[in-house]
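Novice: Give the three-dimensional model of this entry:
(one chain, ligands or ions: 1)
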Amino acid sequence: MNIGIDKIGFSMPNRYLDIKDLAVARGIDPDKFTKGLLQSEMCVTSKEEDIVTLGARAAEEILTKEDKEKIDMIVLGTETGIDQSKAAAVFIHGLLKINPYARSVEIKEACYGATAALEFARNHILSKPNSYVLVIASDIAKYGIGAGGESTQGAGSVAMLIKKDPRLSILNIDNTYLTQDAMDFFRPNYSPYPFVEGKFSTELYLNCLELTWKRFLKENNKKIQDFSAFCFHIPYPKMALKGFKKILPETMDEKEKENYINNFEKSIFYSKKVGNIYTGSLFLGLLSLLENGNLKAGDNICLYSYGSGAVSEIFSMTLVENYKKVLRKDRINDFNNRTRLNVKEYEKIFFEKIKIDNEGNANIEGNGEKFTLKEISSHKRIYNQ
Ligand code: HMG
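Specialist: Have a look, this model is predicted:
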C-alpha cells in the first residue's frame, strides 16, 4: 500500500521584521545575518496567535468538508505547547469541526516532533487503510531581545494530510534514526526562552547528520544519486547549507552538482522569509522545494530531520504523477501582503505577555478574526471560530 502526503498547507503570522532592521538596532553588521546566516526576514506573532491558531489556519488551507469527515487522527508536533496537559490537537479538532471519532494528540522532541508524527500517521493507516490523518507542525521560536539566536526567530505551521494513494508524495520505508542525549538547546518548564549552546548546537546538528546519513546509505543500499533533491531542518538557511555541503561528495562533477544546488536554493526560499519554525522547518523547506523547485513525478526527495536534545532522522519520499496539481502557485503573494514592522513594534508585539487576573481571565483585545485567540476565561483559552 502506498501511504504518503496527499496535501500540504502552511500558515504564518501576517507581520514580519526585516532582518537588516534588527541588525542595525542591535549594532550588528547586517551582512552577518543576511550573508552569515542567509536570513532575510522573520515572522512575528501577536497575542491573539499561538500554535493552535497557526495550526488551524494551516490545516484549513488544505482540508475540504469531506476530508474533515474522514480524518480519524490528528497528530501535532510542537515544542511551544500552550498547556501541559491538554493537547493543542484537541483545540484544533474543535476549531476545524473534525469527525468526533478521531484521536488527537501532541508529540514533543524539539524540532523533530513532526517527523515522529508522520511515522505515527503511516502506522495508523497501515492498520486502518481508509483513514485520513492530519499531521501538523506548529511552533513559535522566541529567543528573547538581544539573545544570540534572536535573528533566527520565526513562527508558522505546516499541515499535511496523510492517506493511502496520496496525490503528492509516497513516504518510502527507509527511515534511519539516531538519539544522542545532549544539552545543545532546551527549555525547562520555568523558562519562556530556550537555553542554547549556539556553537555546540551547530556542531551536533552536523555530527548527527553525518552519522545518520552514513547509516541511511548503508541500511538502504543507496547512493546520493538515488535522490533528486534534499531538504534539511532549517534553524536558519546557512545551517542547512552547511548540512547540504557535508553530504555532497567533493568528487561530484559540477554539472551534476548544479541541479542539486538549484533545488537546494528553492528549499530555503520560504524559510529565509519566515525564520525558524522549529518542528515545521523541515516541512516548510519541503513545501518551498515542491512549489518552486525543478522536480518531476518519480523523483526521490531525501529529508534530514533534527531536533535538539538530540534526535535525528533521514527518510525519503517519491513524487507522484501530477503532484503539482495539489500545490498552490501563488504563495508568494502571502509573503508580499504581510505588514512590515519596525523594531520597536516587533519588540512590543512579539514579547507582549497576556495579563491574567486573579480569576484566570484575560481580555486579548484582538481583531476578532477567525482562528484567533479571543479571551481567556477562568483559565480556559477561547478562540474565535
Ligand atoms: P553567532 O555567534 O551569532 O554568529 O552565532 P557567528 O559568529 O557564528 O557567525 C555566524 C556566521 O556569520 C559565520 O559564518 C560568520 O563567519 C558569519 P560561518 O562561519 O558559520 O559560515 N559572519 C559574517 N558574514 C558576513 N558578514 C559579516 C559577518 N559576521 C559574521 N559581517 C548561532 C550563530 C547560529 C550559533 C546563533 O544564531 C544561535 O545560537 N542560534 C540558535 C541556535 C541554532 O539555531 N542552532 C542551529 C543548530 S540546532 C537546531 O537546529 C535545533 C533548533 O532548531 C531547536 C530545536 O531543535 O528545537 C535550534
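Novice: Could you pick out the longest helix of this structure?
Specialist: In the chain, assigned by DSSP state H, the helix with the most residues is helix 198-220.
Novice: From the contact counts, what lies against the helix or strand just after that helix?
Specialist: Moving toward the C-terminus from helix 198-220, the next helix or strand (DSSP states H and E) is strand 229-232. Counting by 3 or more CB pairs under 8 Å, 6 or more residues apart in numbering; DSSP states H and E, the packing neighbours recorded for strand 229-232 are helix 237-247, helix 254-267, helix 281-292, strand 300-307. Quick note: C-beta positions are derived from backbone N, CA and C, even for glycine.
Novice: hmm, who's touching the very next helix or strand once past the last one?
Specialist: Moving toward the C-terminus from strand 300-307, the next helix or strand (DSSP H and E) is strand 311-319. Around strand 311-319, the neighbours that count as contacts under CB atoms under 8 Å, 6 or more residues apart in numbering are 4-5, 109-110, 112, 115, 168-172, 174-179, 208-209, 211-213, 216, 227, 295-306.
Novice: For the stretch 51-200 of the chain, what lies in contact range of the ligand?
Specialist: 79, 110-111, 148-149, 152, 184-185, 196, 198-199 (CB under 6 Å from any ligand atom).
Novice: Counting only strands, which of those residues make the cut?
Specialist: 185, 196 (DSSP state E).
Novice: got CSV for the residues of the stretch 51-200 of the chain next to the ligand, with neighbour count and pLDDT too?
Specialist: Formatted as CSV, these follow (neighbours: other CB atoms under 10 Å; pLDDT from 0 to 100):
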residue, neighbour count, pLDDT
79, 25, 98
110, 22, 98
111, 31, 98
148, 12, 96
149, 19, 98
152, 24, 98
184, 22, 98
185, 25, 98
196, 19, 98
198, 14, 97
199, 10, 98
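Novice: Which single residue in the stretch 1-150 of the chain comes nearest to the ligand?
Specialist: Using CB to the nearest ligand atom, the single residue of the stretch 1-150 of the chain nearest to the ligand is residue 36, 2.0 Å away.
Novice: ok and the residue in the stretch 51-200 of the chain nearest the ligand?
Specialist: Counting by CB to the nearest ligand atom, the stretch 51-200 of the chain gets nearest the ligand through residue 198, at 2.7 Å.
Novice: Next, give phi and psi for the nearest residue to that residue once chain neighbours are set aside.
Specialist: Of all residues not flanking residue 198 in the chain, residue 148 sits nearest, at 5.0 Å (CB to CB, 6 or more residues apart in numbering). Reported as degrees, to the nearest 10, the phi and psi values for residue 148 are phi -60, psi -30.
Novice: and the helices and strands packed on strand 229-232 as TSV, adding mean neighbour count?
Specialist: Shown next, in TSV, are the helices and strands packed on strand 229-232 (neighbours: other CB atoms under 10 Å):
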stretch	mean neighbour count
helix 237-247	20
helix 254-267	16
helix 281-292	26
strand 300-307	25
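Novice: worst average pLDDT in those?
Specialist: Ranked by mean pLDDT, the helices and strands packed on strand 229-232 bottom out at helix 254-267, which scores a mean of 94.
Novice: How about the residues of the stretch 201-350 of the chain by the ligand?
Specialist: Counting by CB under 6 Å from any ligand atom, the stretch 201-350 of the chain sits next to the ligand at 201-202, 205, 233, 235-236, 238-239, 276, 278, 306-308.
Novice: and the two most separated of the residues you listed?
Specialist: 238 and 307 (18.9 Å; CB to CB).
Novice: burial of residue 127, as a residue count?
Specialist: 7 (other CB atoms under 10 Å).
Novice: what's in contact with the longest helix of the chain?
Specialist: 148-149, 174, 176-178, 180, 182, 184-185, 222-224, 232-233, 235, 239, 242-243, 246-247, 304, 306, 308, 310, 312-314.
Novice: quick one, it and helix 237-247 angle?
Specialist: 40 degrees (axes from the mean of the first three to the mean of the last three CA atoms, to 10 degrees).
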